[in-house]
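Asker: Fold the following, please.
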Amino acid sequence: METKHAYRIFSRANWIAVLVIGLVPPVIFFLQELAVNGAAHTKSLEDLGIATIFSLVVTVLLFFGVTYIIVKLHDAVPWDRHPVRRLTVETLGVLSYATIAMSLATVMFHRFFLEGSDFASLLYSNLLIGLTITIIVAAIWEGRYFLHQWKASLIHAEKLKKEMAETQYEALKNQVNPHFLFNSLNALSSLVHKDADKAEQFIAELSKIYRYVLEKNKQVVAPVKEELAFLNSYFFLQQIRFGENLKVEVNVPAEVLNRFIPSLALQILAENAVKHNEISVAHPLHVQVFSENGFLVMQNELQLRDEKAESTGIGLQNLRSRYESISEQKPEFIANGKFYIARIPLIAEE
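Answerer: Now for the predicted structure:
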């Protein structure tokens, strides 16, 4: 997810850094000259003052100017999207700015304070020093930026890991809770006496559900074809329970099957459809799964039960958060009065 850079350019810490950087060099040079040449051959305090003012002015211009350019480029030309363009624009931008700023500062100080000195030699040395300082400042801020990005990526990874664990826990909990097991075993018990082959298929599909959840324990995303196979197993069990009152229609083209979605996403959506809607002879539930404009869609009639099912709401919120970490697109959950429509973005590759 794209975010704006919120760095404060003119912070107190930066002003302190500018003062230290601007004041320390001329003072050190003055003391060094005093120690080597003695007081008689050392430049006057007036010269020290001019050097200090020049150092402070140049430091302010270069430090804040370069920082401003870099910070603005973080938003306008991000490194992760346009690395070559960013490198080119930043290099030309900061070096051009530094050259102009240093040249103007040299011209002004030569005219008002150093008129007797050799301007060409002074400009050359100042440009050399200024460009060196600029490169150092740019390297420091870019290093700081990449360190911040690295830390942010670690936080995102930990956040995603936690959210995945919550989803997996919720999935396992929902599958092994007594109500789910009671309904599954009750349906299996009736099948054993009526249709042994179907009972065997029921057991096979139930085992697929548990196996799939365990296999996806550490995966962030899964292919659509695997999620649909899992969904088929899940709805098979539910259709044993509800019979023809639960109808499922899956119409997903072949080119979508190799795209990706968050693992166990369809299980969350399917459980919501079964948990919250009335499914009876009078009100059969028709669930449709299809793709549309880069989204995988699950749609069903909105026929809420009179008694609301217990729900923590963690499933859909977790799905939203996981998409924030892996995609710029967001899932959409729409209740328009007649239908409940869940639209989750398809991811091109893992």
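
Asker: and residue 154, how far is that from residue 219?
Answerer: For residue 154, the distance to residue 219 equals 20 Å [Cβ to Cβ, to the nearest Å]. C-betas here are computed from N, CA, C, even on glycine.

Asker: Counting neighbours, go ahead and name the busier of those two.
Answerer: Comparing residue 154 with residue 219 by other Cβ atoms under 10 Å, the one with more neighbours is residue 219, at 15 against 10.

Asker: wait, isn't that one in contact with residue 263?
Answerer: Yes - counting by Cβ atoms under 8 Å, residue 219 does reach residue 263; the two are 4.9 Å apart.

Asker: what touches both of those two?
Answerer: Here residue 219 and residue 263 have no joint contacts, going by Cβ atoms under 8 Å, 6 or more residues apart in numbering.

Asker: number of nearby residues for residue 305?
Answerer: 12.

Asker: Excluding residues flanking it in the chain, which one is nearest it?
Answerer: residue 278 (5.0 Å; Cβ to Cβ, 6 or more residues apart in numbering).

Asker: what's the answer for residue 201, then?
Answerer: residue 236 (7.7 Å).

Asker: same thing with residue 90?
Answerer: residue 73 (5.6 Å).

Asker: where does residue 330 land in three-state SS?
Answerer: coil (DSSP: H, G, I helix; E, B strand; the rest coil).

Asker: dump the residue contacts of it.
Answerer: 320, 323-324, 345.

Asker: run the last query once more with 7 Å
Answerer: Taking Cβ atoms under 7 Å, 6 or more residues apart in numbering as the contact definition, residue 330 lies against 320, 323.

Asker: Quick check on it: phi, psi?
Answerer: phi -120, psi 150 (degrees, to the nearest 10).

Asker: Begin at 296 from now on, thanks
Answerer: Yep, numbering from 296; the last one is residue 625 now.

Asker: Let me know the distance separating it from residue 640.
Answerer: Counting by Cβ to Cβ, the gap from residue 625 to residue 640 is 7 Å.

Asker: Identify the contacts common to the two.
Answerer: Common neighbours of residue 625 and residue 640 are listed as residue 618 (criterion: Cβ under 7 Å, 6+ apart).

Asker: Any stretches of the protein with poor pLDDT?
Answerer: Filtered on pLDDT under 70, the chain yields the residue ranges 296-302, 327-342, 408-412, 463-476, 478, 512-513, 603-608, 644-645.

Asker: Do a quick rundown of the helices in it.
Answerer: Secondary structure of the chain by DSSP state H: the helices cover 307-332, 340-371, 378-407, 414-471, 473-489, 491-510, 519-537, 560-571, 609-621.

Asker: Which one, of the ones you listed, ends up nearest to residue 601?
Answerer: Using Cβ to Cβ as the measure, helix 560-571 is the one of these that comes nearest residue 601, at 11.5 Å.

Asker: Which parts of that closest one count as buried, going by neighbours?
Answerer: 560-569, 571 (16 or more other Cβ atoms under 10 Å).

Asker: Format the residues you listed as JSON lines; extra columns: distance to residue 343.
Answerer: Formatted as JSON lines, the buried residues of helix 560-571 follow (distance: Cβ to Cβ, whole Å):
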{"residue": "560", "distance to residue 343": "69"}
{"residue": "561", "distance to residue 343": "74"}
{"residue": "562", "distance to residue 343": "74"}
{"residue": "563", "distance to residue 343": "71"}
{"residue": "564", "distance to residue 343": "74"}
{"residue": "565", "distance to residue 343": "78"}
{"residue": "566", "distance to residue 343": "77"}
{"residue": "567", "distance to residue 343": "75"}
{"residue": "568", "distance to residue 343": "79"}
{"residue": "569", "distance to residue 343": "82"}
{"residue": "571", "distance to residue 343": "79"}
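
Asker: now, which of those residues sits nearest residue 593?
Answerer: In terms of Cβ to Cβ, no member of the buried residues of helix 560-571 lies closer to residue 593 than residue 564, at 4.6 Å.

Asker: Which residues are in contact with the closest one?
Answerer: 593, 637.

Asker: Can you tell me how far it is from residue 624?
Answerer: Counting by Cβ to Cβ - residue 564 and residue 624 are separated by 16 Å.

Asker: Residue 482 too?
Answerer: In terms of Cβ to Cβ, residue 482 sits 38 Å off from residue 624.

Asker: quick one: contacts for residue 560?
Answerer: Applying Cβ under 7 Å, 6+ apart to residue 560 gives the contacts 522, 614, 639.

Asker: Could you report the neighbour count for the first one?
Answerer: Which is residue 522. Neighbour count for residue 522, taken as other Cβ under 10 Å: 26.
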